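S.K.: Provided below are the primary sequence and the corresponding predicted coordinates.
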Amino acid sequence: MFSKIRKFTTEVRAELGKAQWPWDPNEKGFRRYKELTDSTVVVFVAMIILGGYIAFFDFILINVVGYLTRP
């Protein structure tokens, strides 16, 4: 059982060593994570825009359906 765990851990380390991380290992401090923070900001802005788009059309559709089904 322990040999399987050790083999798994070794394989995971080998695969993580092959991964390309989204930061420059030569940089220091927060500048090291510039690409990561820029990508995170892009995702948050896209979420806000998409949420606004959905909320706007939801508001419009609620009012149109409410108008059409008014007794």
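M.R.: Happy to help now that I have it.
S.K.: got the contact list for the spatially most central residue of the chain?
M.R.: For the chain, the residue sitting closest to the mean C-alpha position, by Cα atoms, centre = their mean, is residue 43 at 6.0 Å. Going by Cβ atoms under 8 Å, 6 or more residues apart in numbering, residue 43 touches no other residue. Every C-beta, even on glycine, is put in place using the N, C-alpha and C of the backbone.
S.K.: Quick check: which element contains residue 9?
M.R.: Residue 9 belongs to helix 2-18 when assigned by DSSP states H and E.
S.K.: sorry, back to before: for the record, mean pLDDT for whatever helix or strand the residue nearest to the centre of the chain lives in?
M.R.: Using DSSP H and E, residue 43 sits in helix 34-68. Mean pLDDT, helix 34-68: 95.
S.K.: Report the secondary structure element holding residue 26.
M.R.: Going by DSSP H and E, residue 26 is not part of any helix or strand.
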